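> Show me how the following folds:
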Amino acid sequence: MRFNVAGLLKSEVGASRRHVIEPEDPVHRGKVELVRVPRGVLVRCRADVLIEAQCSRCLVAFAYPETVAFEEFYRQQVDLVDGHWVEPIEGEDEETFLIGLDNEIDISEAVRQYTVMAAAMQPLCRPDCPGLCPECGTDLGMETCQCERAPIDPRWAGLLTLQPRKHG
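Model (predicted):
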C-alpha cells in the first residue's frame, strides 16, 4: 500500500490524487485520497478489512469484516524544490508518519493501527455462541455434554457439604 507522491509534493497546496487500494492483507478493498498540505500530505483512507480473531466463548478461529476510515498527516523529510531537509516544527508529534526519502507514502502501518483499534474486544464467532462447558470443556455449539450446569450462588455453596440428618 505504497503511493509515490513526488508529483503531488511539487504541486500547490490543495492538489489531490485518488487511488483504489489493491487487495493486500488485511485490506479487501478501499480508496485513498492524498491531499497536498503545507509540509506534507494528508491521507484520507477508507478500507474494508478482514480481521482474524478467536471467539471469546468457544475459542474457534474465525475472521470478520470491518471498515476502517482515517485521516493522517504524512510529513515531508526533504523539500523537493530546494532539496533541503524539512525539520519538524516544535510540538510536532514524534509519532507523525513520514514520507519516505524515495517520495513514497506507505499506509500499511496506519491501516494496521486502525484495524487493531476497530477489532472487537471480545469477538464472537456468532452472536448466539454458547461457548465451552466450564466443567468438561466441550464446545457446546458442536455437541451437548452431561455436566450439571445449574448455577449455584457461591454464598450458598457451603451448604452443599452438609449431610441431611436421619430421623430415627
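> Extract the residue ranges of the chain that are flagged as low pLDDT.
The model of the chain has pLDDT under 70 over residues 91-93, 149-151, 165-168.
> all helices of this structure, in order?
Taking DSSP state H as the test, the helices found in the chain are 6-9, 108-118.
> could you pull out the strands for this protein?
Using DSSP state E, the strands found in the chain span residues 2-4, 16-21, 27-37, 40-54, 61-75, 97-98, 104-106.
> Dump the ones you listed to JSON lines, plus distance to I152 and mean neighbour count.
Backbone N, C-alpha and C define where each C-beta goes, glycine included. Listed next are the strands of the chain as JSON lines, based on distance: least, C-beta to C-beta, whole Å; neighbours: other C-beta atoms under 10 Å:
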{"stretch": "strand 2-4", "distance to I152": "58", "mean neighbour count": "15"}
{"stretch": "strand 16-21", "distance to I152": "53", "mean neighbour count": "14"}
{"stretch": "strand 27-37", "distance to I152": "46", "mean neighbour count": "17"}
{"stretch": "strand 40-54", "distance to I152": "29", "mean neighbour count": "17"}
{"stretch": "strand 61-75", "distance to I152": "32", "mean neighbour count": "15"}
{"stretch": "strand 97-98", "distance to I152": "54", "mean neighbour count": "16"}
{"stretch": "strand 104-106", "distance to I152": "55", "mean neighbour count": "17"}
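> Would you format these as JSON lines with distance to E148 included?
Shown next, in JSON lines, are the strands of the chain (distance: least, C-beta to C-beta, whole Å):
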{"stretch": "strand 2-4", "distance to E148": "58"}
{"stretch": "strand 16-21", "distance to E148": "53"}
{"stretch": "strand 27-37", "distance to E148": "45"}
{"stretch": "strand 40-54", "distance to E148": "28"}
{"stretch": "strand 61-75", "distance to E148": "30"}
{"stretch": "strand 97-98", "distance to E148": "56"}
{"stretch": "strand 104-106", "distance to E148": "56"}
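> Out of the helices of the chain, which is closest to C55?
With distances scored as C-beta to C-beta, the stretch of the helices of the chain nearest to C55 is helix 108-118 (17.5 Å).
> quick check: angle from the closest one to strand 40-54?
Angle between the axes of helix 108-118 and strand 40-54 is 50 degrees (criterion: axes from the mean of the first three to the mean of the last three C-alpha atoms, to 10 degrees).
> Identify each buried residue in helix 108-118, please.
Judged by neighbour count (16 or more other C-beta atoms under 10 Å), helix 108-118 contains these buried residues: A110, V111, Y114, T115.
> of the residues you listed, closest to A6?
A110 (19.9 Å).
> So for the closest one, what's the nearest residue that isn't a sequence neighbour?
Using C-beta to C-beta, 6 or more residues apart in numbering and skipping residues adjacent in sequence, the residue nearest A110 is E72, 5.1 Å away.
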